[in-house]
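> Just to be clear, the model below is a prediction. Sequence and coordinates:
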Amino acid sequence: MEANRGPLKGLKVVEMGTLIAGPFCGQILGDFGADVVKIEDPKSGDPMRQWGRSLPMGLSPWWPVIGRNKRSVGLDLRTPEGREIARKLIDQADVLIENFRPGAMEKWGMGYEALAASNPRLIVARVSGFGQTGPYAGRAGYGLIGEAMGGLRHITGEPDRPPARAGISIGDSLTAMHAVMGITMALHARERTGRGQMIDAALYESVLAVMENLVTEYDLTGYVRERSGSILPGIAPSNVYPCTEGEMILIGGNGDTVFARLAEAMGRPELAADPRYATHAARGANQQELDELIGAWSSEWKLPELIEHLEAAGVPCGRVFRAPDMLENEQYQARQAIVEVDHPVFGKVKMQNAFPKLSETPGAVRWPGPGLGEHTEEVLAEIGLSTEAVASLRAKGVV
């Protein structure tokens with residue numbers, strides 16, 4: 001097991017919630033050293049334990065990643081005894097993460113004000129689709145809805161097709177990252193004030209936060225950004241181009257000096273002086289024509305040779321990476337971007353490392369997602385419950 005050298009070592013976190021947004025927030029904190037206690041339904045656990053395109057050996061390949069560096073406690077929060085134990089854990093915690101529908105925690109007597117009354121230093125990260133306030137607060141808010149409301153879905157995909165998804169649950173992940181930012185900011189503020197606070201991380205707002213100038217551009221000019229496929233309109237050349245054998249290459253040559261290097265590499269140095277392509281604006285105005293010209297040239301090359309040729313010319317380029325490419329790539333290997341972790345069922349399992357890299361207190365994958373309730377006795381002993389008491393609770397189905 002990797003040693004815990006993370007900057008959050010000693011931080012006690014209770015994670016309540018399921019699926020991606022809340023648990024990914026907990027994963028990030030755990031990656032960087034926090035002691036994350038994940039409370040799960042003792043019978044079924046987090047649905048992420050069964051999510052995935054395939055279930056090798058009957059287990060989800062997703063759970064070892066999103067559950068990593070956490071301790072699992074089986075606890076039925078629908079029972080008074082379960083909620084009482086949860087309160088004891090939260091009273092000793094620095095951070096609580098929850099992603100239930102707004103109002104659920106209040107129904108259980110665990111709203112922010114009630115929790116802060118007994119633990120004033122507590123930081124509560126509340127993750128939801130639409131936030132804790134406003135007319136939409138009580139609505140169910142899955143990732144695709146937040147991505148659409150935040151503006152991402154409308155501009156993703158080809159212009160002649162319906163909006164596409166990013167291929168991952170990007171809205172949930174962005175919300176988790178914003179919740180982590182809120183938690184670390186609140187920890188810094190707590191150093192000054194001695195008090196915790198509540199972080200209200202809404203999915204649609206987390207997507208909106210990365211939408212660049214989409215709203216401002218419309219406000220000032222009336223322009224509504226639309227789907228543009230693999231290009232950015234007016235930014236050329238910057239696209240994916242064909243190679244031989246059905247492979248593809250990404251080339252970014254939209255700066256004047258970079259385009260001149262690309263033209264030289266193409267054996268067409270005159271293109272850099274051609275009025276149709278000589279300036280950023282001209283290339284943008286003739287984007288389709290220029291892309292067709294580059295595509296005709298690139299299609300005569302094998303991908304590895306073309307990458308080598310363009311890199312020698314100082315032109316930004318690269319392959320479209322898939323999982324096999326990542327595992328074979330020298331840059332990935334040199335930086336240990338992918339690590340191998342011991343798993344009790346899968347054996348050795350590969351997954352992404354902890355990012356970003358810190359020089360003095362790096363994060364690490366110390367263990368993969370645990371078994372359901374694997375740490376129940378251990379964690380409950382830390383709050384004073386005896387082996388007999390835990391056995392009694394287990395007989396009642398509370399843990």
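Received the coordinates, thanks. What you are looking at is a predicted structure, and each value in this text was computed from that prediction instead of being measured. Numbers count the residues shown, from 1 in each chain.
> hey, where'd the strands end up in the protein?
Secondary structure of the chain by DSSP state E: the strands cover 12-16, 35-40, 70-74, 95-98, 123-128, 198-202, 238-242, 248-252, 317-319, 338-343, 347-352.
> For K396, which of those strands is the nearest?
strand 70-74 (12.2 Å; CB to CB). Bear in mind the C-beta positions are built from the backbone N, C-alpha and C, glycine included.
> The closest one pairs with which strands, parallel or anti?
Sheet pairing for strand 70-74, assigned by DSSP bridges, gives strand 35-40 (parallel).
> Distance from the strand it pairs with to the middle of the chain?
Computed by CA atoms, centre = their mean, to the nearest Å, the chain-centroid distance of strand 35-40 equals 19 Å.
> Okay, angle between it and strand 12-16 too, please.
20 degrees (axes from the mean of the first three to the mean of the last three CA atoms, to 10 degrees).
> Take strand 35-40, keep the C-alpha atoms, and write them as CSV.
Extracted in CSV, the C-alpha atoms of strand 35-40 (Å, rounded to 0.1, in the frame of the first residue of the first chain):
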residue,chain,number,x,y,z
ASP,A,35,-9.6,9.9,5.7
VAL,A,36,-12.9,9.4,3.7
VAL,A,37,-15.6,7.3,5.4
LYS,A,38,-18.2,6.4,2.9
ILE,A,39,-21.6,5.6,4.3
GLU,A,40,-23.6,3.1,2.2
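> which residues are in contact with it?
10-16, 18, 23, 26-27, 29-30, 46, 67, 69-75, 77, 86, 89, 93, 372-373, 375, 379 (CB atoms under 8 Å, 6 or more residues apart in numbering).
> now with 6 Å?
Residues outside strand 35-40 that contact it (CB atoms under 6 Å, 6 or more residues apart in numbering): 12-16, 26, 29-30, 46, 70-75, 379.
> and which of those is nearest to A164?
Nearest to A164 among these, with distances taken as CB to CB, is D46, at 27.7 Å.
> Check which helices and strands the lengthiest helix in the chain sits against.
Assignment by DSSP state H gives helix 170-193 as the longest helix of the chain. On a contact count with 3 or more CB pairs under 6 Å, 6 or more residues apart in numbering; DSSP states H and E, helix 170-193 meets helix 21-31, strand 123-128, helix 143-149, strand 198-202, helix 203-208.
> before we move on, back to that, let me have the strands of the chain in CSV, extended by distance to V215.
Below are the strands of the chain laid out as CSV (distance: least, CB to CB, whole Å):
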stretch, distance to V215
strand 12-16, 33
strand 35-40, 35
strand 70-74, 37
strand 95-98, 29
strand 123-128, 22
strand 198-202, 16
strand 238-242, 23
strand 248-252, 26
strand 317-319, 31
strand 338-343, 37
strand 347-352, 32
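> Output these as a markdown table; include the columns distance to A265, mean pLDDT and mean neighbour count.
Putting the strands of the chain into a markdown table (distance: least, CB to CB, whole Å; pLDDT from 0 to 100; neighbours: other CB atoms under 10 Å) gives the following:
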| stretch | distance to A265 | mean pLDDT | mean neighbour count |
| --- | --- | --- | --- |
| strand 12-16 | 51 | 98 | 24 |
| strand 35-40 | 49 | 98 | 26 |
| strand 70-74 | 49 | 98 | 24 |
| strand 95-98 | 50 | 98 | 27 |
| strand 123-128 | 47 | 98 | 27 |
| strand 198-202 | 45 | 98 | 23 |
| strand 238-242 | 13 | 98 | 19 |
| strand 248-252 | 10 | 98 | 18 |
| strand 317-319 | 10 | 97 | 17 |
| strand 338-343 | 31 | 97 | 15 |
| strand 347-352 | 33 | 97 | 13 |
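> closest to L187 out of those?
Of the strands of the chain, nearest to L187 by CB to CB is strand 123-128, at 6.7 Å.
> Wait, I183 touches V124, no?
No. When contacts are counted by CB atoms under 6 Å, I183 is not listed as touching V124 (9.4 Å).
> Measure how buried A166 is and give me the count.
By other CB atoms under 10 Å, the residues close to A166 number 14.
> Now do the nearest residue to it once chain neighbours are set aside, the pLDDT please.
In space, A166 comes closest to T156 once its chain neighbours are excluded; the distance is 6.3 Å by CB to CB, 6 or more residues apart in numbering. pLDDT for T156: 97.
> circling back to that earlier point, quick check: buried residues in the longest helix of the chain?
Buried residues in helix 170-193, counting neighbours by 16 or more other CB atoms under 10 Å, are found at 170-184, 186-187, 190.
> which regions of this protein sit below the pLDDT cut-off?
Applying pLDDT under 70 to the chain picks out no residues at all.
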